[in-house]
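Trainee: heads up, no residue letters with this:
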């Protein structure tokens, strides 16, 4: 299989996971201030919508078909 087809399959799998889970939430820790023994941190929360999963899935299908044509 060509590299573009492999990327397409990976996108299909990732998009399918996001759609199956009805979105994916994540937390990213960020270090803001460090003063001696005191350290203040914050969390940034995000959400990947199922719509994004559908778009990634469609892009993966398109890449697989493009890979087969070449």
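Mentor: Cool, got the structure. Everything numeric here is computed off the predicted structure, so don't read it as measured data. Numbering: from 1, shown residues only.
Trainee: all contacts plus neighbour counts: C-alpha atoms, from now on.
Mentor: Will do.
Trainee: okay, which residue is most central for the chain?
Mentor: residue 14 (6.8 Å; CA atoms, centre = their mean).
Trainee: unless I'm mixing things up, it is touching residue 53, no?
Mentor: Yes. Using CA atoms under 8 Å, residue 14 is in contact with residue 53, at 7.4 Å.
Trainee: Where does pLDDT dip in this protein?
Mentor: 70 (pLDDT under 70).
Trainee: 80 instead?
Mentor: Scanning the chain for pLDDT under 80 picks out the ranges 1, 30-31, 69-70.
Trainee: Verify the contact between residue 46 and residue 23 for me.
Mentor: No. At 10.5 Å, residue 46 does not count as touching residue 23 under the criterion of CA under 8 Å.
Trainee: neighbour count winner among those two?
Mentor: Set side by side, residue 46 and residue 23 show more neighbours around residue 23, with 16 against 11, by other CA atoms under 10 Å.
Trainee: in this structure, which helix has the most residues?
Mentor: Counting residues, the longest helix found in the chain (DSSP state H) is helix 50-69.
Trainee: what about the residue lying closest to residue 24 once chain neighbours are set aside, distance to residue 23?
Mentor: Spatial nearest neighbour of residue 24, excluding adjacent residues (CA to CA, 6 or more residues apart in numbering): residue 48 at 5.1 Å. Distance, residue 48 to residue 23, by CA to CA, to the nearest Å: 5 Å.
Trainee: cool, and residue 61?
Mentor: In terms of CA to CA, residue 61 sits 20 Å off from residue 23.
Trainee: before we move on, what about residue 50?
Mentor: Counting by CA to CA - residue 50 and residue 23 are separated by 5 Å.
Trainee: List the residues that contact residue 26.
Mentor: Going by CA atoms under 8 Å, 6 or more residues apart in numbering, residue 26 touches 45, 46, 47.
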